[in-house]
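S.K.: This is the structure alone, sequence omitted:
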């Protein structure tokens, strides 16, 4: 079907929240008493830390290493900011590139040529390596929580480097920037999205991926998956492909990850809405009483809006027409009007069992999922999961399982069946933040009168809440946030950290205590407004199942030279300044909080980076007042709560990536001696017209670091080790 190519825009700048929800609740009650907040250390023994004899990652020698508890100070010199097309890493460390876009995942797939002619991406590494988790293997190939020299990496492949409709590094000539799309190009693009599992091993002081491993696996945009939770069998899941609403195909735009307490991999589907198309007459065909119209609009898929890649235009066959989610047939069983309802979930995969289908966990809600953070499970208590919706002015969520945790499930015979037990039923909550530093989790269920009586949408059952979660959070009165992305639970005290990457729509009039900044910044001749550099929020609960919490802002992203009264509120220095925190993971072995950036505001001074932090606890800082100059000449003051200012011992830059990249996907071996990081989309600002001229690529990494054929930039996984074989960060 013909339609206009999409306008140039950041695909993850969705802003479809037109609800009247305040940006903070001004009258919420007194701040929680500090004595009611969890302060006890979590104890390394309960976190599955490795001990005993293991192979020292990157060195291949036997080394006895018992986790000695969390570090109190970082043990490396800070890395300087850099705009070089290279990986700059802390002194005393080294890295290897081990797994990049196009690398073969079986013995029969030819080596990657990297000239746009490659095919068979169903058996190659996908593109845009993002979130990633480590799953250990013993020497005899069995699951292991302690072995350090062999394991599986489960990797998200978020998207592809593109300009307009094309994926220009993926195709020989950059791709066709008009409709209809060529089927051969669309086939590649369908295949590079999704997930991969790849075996890696350290031998003779070198890490390498194992291209012939029986564990290697790809899940693409076309792989059959199972629907679970309230969505399964509901009216919202019925399609021509699955008339009973139990199956779907593919996973899309997978961003952050998590690891369940029972040892499986979970991945969040983020910016999936833009892959679909429905024509300008679709609302009319559906009728004014069709609730799906309200849902489609709330999830950023308005009638007539162009799709991101135009996949629906590649032909009249089913695999392309599924991307047209218009009401074109007599019923939902005759078309794909509900296809988009099968995306936007947390997906669960067992990396050790490549034959098992991925399962979509709809009880955890449908939105632009980033990472999935689990509170430490407690015997006899529900399993608790924290999640963020990565779009401007969206919400923070929590899921509390109906089933209480049984420690025997930590090593189950069937990991996905255990996922059914804990993730298919439970209660979902959205966060409301108070101006006094308190907050509450608002229940998203028909037991909440705010949902049952909501005039904007008729909620009838759990499936409605699971599919239209954003509307449920609107109804409940959740607080609009500055793009909640990755979360991490501090192993020292159980507190939750959430990155709020940035928000270009945050105005001085709409600032609040939890999102207090809005300012103008001029970079590379372009004016940027809003919360330009982002911040990191943290929450403390007496126990994870509580409805009340208290919060403060651990860290504000900022340039070191920025105004310390209104912008650089955390007093960052040249050793620690950064912008747009995105990924955030706590090391189980050391307690270090690793912060990864995905930035466009500070890239005139530095490429994206990885920082190490040793954070404190909620309430260790104090109040600060941010003053805004309004357009009418008046001033507006917002009081917020800021954590203790970091020092060079507790926050500094560890790594800077090559040009145009995002740093993401942190994980490590159990002994903390090997760390894995993804370098995503280097060279992404290259123009499609220059695809045939490597001299004009903004990046040639990793080819310029000696990895692989051709000069086209590739997303890739690197492994970092300490030259003396020690623990990373110490």
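M.R.: It's in. For clarity, every value in this text was computed on a predicted model and none was experimentally measured. Residues are numbered from 1 along each chain as shown.

S.K.: any idea which element the residue nearest the centre of the chain lies in?
M.R.: The centre of the chain sits closest to residue 256, judged by C-alpha atoms, centre = their mean, with a distance of 2.6 Å. Using DSSP states H and E, residue 256 sits in strand 254-259.

S.K.: Kindly report the same for residue 208.
M.R.: Going by DSSP H and E, residue 208 is part of strand 206-209.

S.K.: With residue 439 instead?
M.R.: Applying DSSP H and E, one finds residue 439 within strand 438-443.

S.K.: So which residues make contact with that strand?
M.R.: The contact list for strand 438-443 (C-beta atoms under 8 Å, 6 or more residues apart in numbering) reads 28-32, 398, 427-434, 448, 450, 473, 476-478, 539, 546-551. Placement of C-beta: from N, CA and C, glycine included.

S.K.: try 6 Å
M.R.: With C-beta atoms under 6 Å, 6 or more residues apart in numbering as the test, strand 438-443 has contacts from 28, 31-32, 398, 429-433, 476, 478, 547-551.

S.K.: Check stretch 375-387 too.
M.R.: Contacts for stretch 375-387 (C-beta under 6 Å, 6+ apart): 42, 261, 372-374, 397-401, 404-405, 407, 422, 487, 489, 496, 544-545.

S.K.: re earlier: find the nearest non-adjacent residue to the residue nearest to the centre of the chain, please.
M.R.: residue 371 (2.8 Å; C-beta to C-beta, 6 or more residues apart in numbering).

S.K.: So which residues of the stretch 301-450 of the chain form strands?
M.R.: Ranges of strands in the stretch 301-450 of the chain, per DSSP state E, counting those that start in this stretch, are 346-349, 359-361, 369-374, 382-389, 392-394, 396-404, 426-433, 438-443.

S.K.: From residue 383, how far out is the residue nearest to residue 561 when sequence neighbours are not counted?
M.R.: Spatial nearest neighbour of residue 561, chain neighbours left out: residue 568 (7.9 Å); criterion: C-beta to C-beta, 6+ apart. Applying C-beta to C-beta, to the nearest Å, the value for residue 568 to residue 383 is 39 Å.

S.K.: likewise residue 162?
M.R.: 38 Å.

S.K.: same check, this time on residue 117
M.R.: Counting by C-beta to C-beta, the gap from residue 117 to residue 383 is 47 Å.

S.K.: same thing with residue 331?
M.R.: 38 Å.

S.K.: more neighbours, those two?
M.R.: In terms of neighbours (other C-beta atoms under 10 Å), residue 383 is the more surrounded of residue 331 and residue 383; the figures are 25 against 11.

S.K.: How many residues are close by the nearest residue to the more buried one once chain neighbours are set aside?
M.R.: Distances taken as C-beta to C-beta, 6+ apart place residue 401 nearest to residue 383, at 4.2 Å, with adjacent residues excluded. Residue 401: 22 surrounding residues under other C-beta under 10 Å.

S.K.: same thing with the one 4 residues further on?
M.R.: For residue 405, the tally of surrounding residues (other C-beta under 10 Å) stands at 21.

S.K.: And residue 317, by the same measure?
M.R.: 9.

S.K.: Report pLDDT for it.
M.R.: What the model reports as pLDDT for residue 317 is 97.

S.K.: Then residue 68?
M.R.: 49.

S.K.: avg pLDDT for the helix or strand hosting residue 188?
M.R.: Per DSSP H and E: residue 188 is located in helix 183-192. For helix 183-192, mean pLDDT rounds to 98.

S.K.: next one: that helix to chain centre, how far?
M.R.: Helix 183-192 sits 23 Å away from the centroid of its parent chain (C-alpha atoms, centre = their mean, to the nearest Å).

S.K.: Other residues contacting that helix?
M.R.: 121-122, 126-127, 160, 167, 170-171, 175, 220-222, 309, 311, 314-315.

S.K.: any idea which of those is closest to residue 281?
M.R.: Closest to residue 281 out of those is residue 311 (20.3 Å), distances taken as C-beta to C-beta.

S.K.: What score does the closest residue to the closest one other than its chain neighbours have for pLDDT?
M.R.: Nearest residue to residue 311 in three dimensions, chain neighbours excluded: residue 323, at 4.4 Å (C-beta to C-beta, 6+ apart). Residue 323 carries a pLDDT score of 98 in this model.

S.K.: what does the one 5 residues further on give?
M.R.: The predicted local confidence for residue 328 comes out at a pLDDT of 97.

S.K.: Return the residues in contact with it.
M.R.: residue 335.

S.K.: From residue 165, how far out is it?
M.R.: For residue 328, the distance to residue 165 - C-beta to C-beta - is 22 Å.

S.K.: now residue 297
M.R.: 23 Å.

S.K.: just residue 431 next, same as before
M.R.: In terms of C-beta to C-beta, residue 431 sits 37 Å off from residue 165.

S.K.: ok so, going back, what comes into contact with the very next helix or strand once past the strand holding residue 256?
M.R.: Next along the chain after strand 254-259, taking DSSP H and E as the criterion, comes strand 265-269. The contact list for strand 265-269, computed with C-beta under 6 Å, 6+ apart, reads 133, 154, 156, 251-258, 260, 343-349, 351, 369-370, 372.

S.K.: ok, now stretch 508-524?
M.R.: With C-beta under 6 Å, 6+ apart as the criterion, stretch 508-524 contacts 23-24, 433, 435, 482, 506-507, 528-532, 567, 601, 604, 626, 628, 630, 636, 638, 640.

S.K.: Any of these buried? List them.
M.R.: The neighbour-count criterion (16 or more other C-beta atoms under 10 Å) marks 23-24, 433, 435, 482, 506, 528, 530-532, 567, 601, 626, 628, 638, 640 among those as buried.

S.K.: Which of these fall in helices?
M.R.: Assigned to helices by DSSP state H, none of the buried ones among the contacts of stretch 508-524 qualify.

S.K.: Looking at those residues, which are in strands?
M.R.: Among the buried ones among the contacts of stretch 508-524, the residues falling in strands (DSSP state E) are 433, 482, 528, 530, 626, 628, 638, 640.

S.K.: Setting aside sequence neighbours, what's the nearest residue to the third one?
M.R.: Think residue 528. residue 521 (4.7 Å).

S.K.: So what's the gap between the strand or helix carrying the one you found and the chain middle?
M.R.: Element membership for residue 521, per DSSP H and E: strand 519-523. Centroid separation for strand 519-523 versus its chain: 26 Å, with C-alpha atoms, centre = their mean.

S.K.: and it, which strands flank it?
M.R.: strand 526-530 (antiparallel) (DSSP bridges).

S.K.: Just the mean pLDDT for the strand it pairs with, thanks.
M.R.: Averaged over strand 526-530, pLDDT sits at 89.

S.K.: Which secondary structure elements does the helix or strand following that strand sit against?
M.R.: Going down the chain from strand 526-530, the next helix or strand is strand 535-540, by DSSP H and E. In terms of contacts (3 or more C-beta pairs under 6 Å, 6 or more residues apart in numbering; DSSP states H and E), strand 535-540 is packed against strand 496-500, strand 548-556.

S.K.: try 8 Å this time
M.R.: strand 496-500, strand 548-556, strand 581-586 (3 or more C-beta pairs under 8 Å, 6 or more residues apart in numbering; DSSP states H and E).

S.K.: Contacts for it next, please.
M.R.: Counting by C-beta under 8 Å, 6+ apart, 37-38, 431, 439, 481-482, 490, 493-500, 514, 517, 549-557, 581, 584, 595, 615, 617-619, 643 sit against strand 535-540.

S.K.: contacting residues around residue 679?
M.R.: Taking C-beta under 8 Å, 6+ apart as the definition, contacts of residue 679 comprise 87, 129, 657-658, 661-663, 701-702, 715-718.

S.K.: Got the confidence number for it?
M.R.: Taking residue 679 on its own, its pLDDT is 98.
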